[in-house]
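Colleague: Quick one: sequence and predicted model below, then my questions.
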Amino acid sequence: MILDPESVPSSELYRVMIGVIVPRPIAFVSTVGEGGRFNAAPFSFFTGLSSAPPLLGISINVRAGAPKDTLRNLRASGDFVVNVVTEELLERVVRTSGDWPPEVDELALTGLTPLASDRVRAPRVQESPVQIECRLEREVDLGKTFFVIGEIVRMHVADHLFTDGRVDVRKLKPAARLGGAQYARLGEVLEIPRPVVGPRAGGG
């Protein structure tokens, strides 16, 4: 099969993209909306961008021609929290992805516990072992999608996840997004050391 974005409907292209760009980490984004109401929703077009400065990025599509609650809230407040999704959290996180009306608090809906953040207004999710507080650094208008760039201002990582000073992904047990209604566990972890190569003339 050959897919040409100029002739293939974007919906079909999307279905193929999410089926082959896998596995994808899930950003469970919590925000605070009008009247202090909490909102939480998962996004799987999500990645780290840089460590200096510490930035991450999330793609948020419009829904029915209007911004999603997450996007509207973070624009108004200027901040958000990314909560890492584990196997244990997955079913409740997926439930928050429904087309709930703005007045619904998805944390209350799913029995998840909001925690006050240190440096942002948005709440953290207590049940997630990793919570990343972010300030909105900028957003990029991509047409039907907005690419949100967040500056990490504080990270909360559970102590039990560390082994020899590094996060042990086997202890974290992150959940990953696939295509359709499919998700994945981590599976086998491969350790392949980088080759050691001598310095090149001129450095770098």
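Modeller: All right, it came through fine. Not measured: the values here are computed from a predicted model.

Colleague: would you list every one of the helices in the chain?
Modeller: 10-20, 69-77, 90-96, 106-110, 169-172 (DSSP state H).

Colleague: Reformat those helices as CSV; add mean neighbour count and mean pLDDT.
Modeller: All C-beta atoms are positioned from the backbone trio N, CA, C, and that covers glycine. Listed next are the helices of the chain as CSV, based on neighbours: other C-beta atoms under 10 Å; pLDDT from 0 to 100:
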stretch, mean neighbour count, mean pLDDT
helix 10-20, 12, 91
helix 69-77, 20, 96
helix 90-96, 18, 98
helix 106-110, 17, 96
helix 169-172, 13, 97
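
Colleague: wait, which of those helices is closest to residue 118?
Modeller: Nearest to residue 118, of all the helices of the chain, is helix 69-77, at 15.2 Å by C-beta to C-beta.

Colleague: in terms of contact count, name the helices or strands touching the closest one.
Modeller: Applying 3 or more C-beta pairs under 8 Å, 6 or more residues apart in numbering; DSSP states H and E, we find helix 69-77 packed against strand 27-32, strand 38-43, strand 79-84, strand 130-141, strand 145-157.

Colleague: Low-confidence ranges, the protein, go.
Modeller: Applying pLDDT under 70 to the chain flags the ranges 201-204.

Colleague: From residue 52, how far off is the residue nearest to the spatial centre of it?
Modeller: In the chain, the centroid-proximal residue (C-alpha atoms, centre = their mean) is residue 27; its distance is 1.7 Å. Separation of residue 27 from residue 52 (C-beta to C-beta, to the nearest Å): 21 Å.

Colleague: Residue 36 now?
Modeller: 34 Å.

Colleague: can I get the helices and strands packed on helix 69-77 in TSV with distance to residue 113?
Modeller: Below are these laid out as TSV (distance: least, C-beta to C-beta, whole Å):
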stretch	distance to residue 113
strand 27-32	11
strand 38-43	11
strand 79-84	11
strand 130-141	12
strand 145-157	14
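
Colleague: For residue 177, which of those is the nearest?
Modeller: strand 38-43 (7.9 Å).

Colleague: What residues of stretch 44-60 count as buried?
Modeller: 44, 45, 46, 54, 55, 56, 57, 58, 59, 60 (16 or more other C-beta atoms under 10 Å).

Colleague: Tell me which two of the residues you listed sit farthest apart.
Modeller: Across those (C-beta to C-beta), the longest gap, 20.8 Å, separates 44 and 54.
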